[in-house]
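S.K.: A structural model of the following input is requested.
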Amino acid sequence: MNKILSLSVLTALSVAVAASVSVKHDLGTLTLPAPAKRVVALEYSFLDTLVALGVTPVGGSLGTQGGDRGAPPYLAPRMKGILATGSRAQPSLEAIAAARPDLILADAFVHKDLLGQFGKLAPTAAFQSRRGSVDDLNAQTLAIGQLVGREAAARRLLADQASLNAKARAFTKRGAPTFVAAVITPRTVTVHTDESFVGSYLETLGRTNALKVKDGQTQYEVSLEGLVALQPQTLVLFTAPDEKPITDTWRTNPLWQKLPAVARGRVYVFDRDNWTRGRGPLALKLMVREAIDSRFLQDAVPGSPFRY
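M.R.: This is a model prediction of the structure:
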């Protein structure tokens, strides 16, 4: 009887160990007793990844406070019925607690001062999303897949994306000039280096980013004069359709007209909400299609609606 009881205990322990999940993240290693079922995602990339994995989050950063604009357009239809836990910059601890999560996915940069409070509500994994490269985001896809018990699905997503990237590179013109990528708002121009998400992803497709990390910053603001100093041969601009970008006020300035990219007619415009905020497997599919359709990869004159 004792032997049978001992065997049962050992079997139960073995099953428990097998069901546990350990994943490395920016703060160390997170171990869960079992794959998470109730996940709160505090960045759009995490929401994107969960949906791509077939997991519906119980809460997410869908608010519009603090300058946020809610979920990116491509992702918004998939967010219906999900509890809003505030914006990315201003998450609501009360709303997060109300979602009763068994896992919180946080941004290591945006939420660095809140991680201790998140940890009191539920096990928390922190990743570099807003300041991460495409390699960082791909690594997160696998880690999140492991945390929710969907590792095989995560590996399929990564394999599919690698295949899609390879097909897209067939469109890329060899020896095309370097590009400068920038997010444009009504007041600012923020350039994205080769270690930012969009800056590194466009390199994955075969084009070369002209900018390296500066003073530890993967993205930083520049003035018109600063942009002129970069002498961009190609400009990739990310704007919001409902805003008037500051570059519109620069268009009649002789400095703007003398930019090599403007003179070459190689200024491409994309929706910044979809390109620079989504940052997940679903966003990447949209981005690779538009990179081809815009003629950016081909270094050809941009087609409508991507022409500035």
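S.K.: quick one, helices of the stretch 151-300 of the chain?
M.R.: 151-169, 197-204, 224-230, 246-250, 254-257, 260-264, 272, 281-293 (DSSP state H, counting those that start in this stretch).
S.K.: could the ones you listed go into a markdown table alongside mean neighbour count?
M.R.: To be clear about C-beta, it is placed using only N, CA and C from the backbone, and glycine gets the same treatment. What follows is those, written out as a markdown table (neighbours: other CB atoms under 10 Å):
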| stretch | mean neighbour count |
| --- | --- |
| helix 151-169 | 15 |
| helix 197-204 | 24 |
| helix 224-230 | 14 |
| helix 246-250 | 16 |
| helix 254-257 | 12 |
| helix 260-264 | 16 |
| helix 272 | 23 |
| helix 281-293 | 20 |
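S.K.: Go ahead and confirm residue 301 touches residue 267.
M.R.: No. Distance between residue 301 and residue 267: 9.8 Å, which falls outside the contact criterion (CB atoms under 8 Å).
S.K.: So for these two, which residue has more residues nearby?
M.R.: residue 267 (20 against 12; other CB atoms under 10 Å).
S.K.: Give the bridge partners for that one, please.
M.R.: With DSSP bridges as the criterion, the beta-bridge partners of residue 267 are residue 235.
S.K.: So what's the model's average confidence on whichever strand or helix holds residue 138?
M.R.: Under DSSP states H and E, the secondary-structure element containing residue 138 is helix 134-147. With pLDDT averaged residue by residue, helix 134-147 scores 96.
S.K.: now do stretch 269-285
M.R.: For stretch 269-285, mean pLDDT rounds to 94.
S.K.: okay, how far is it across it, tip to tip?
M.R.: Distance between the two ends of stretch 269-285: 17 Å, counting by CA to CA, to the nearest Å.
S.K.: quick one: contacts for residue 291?
M.R.: The neighbours of residue 291, taking CB atoms under 8 Å, 6 or more residues apart in numbering as the test, are 168, 202, 205, 297.
S.K.: Out of those, give me the two with the largest separation.
M.R.: Greatest spatial distance among the contacts of residue 291 (CB to CB): 168 and 202, at 10.3 Å.
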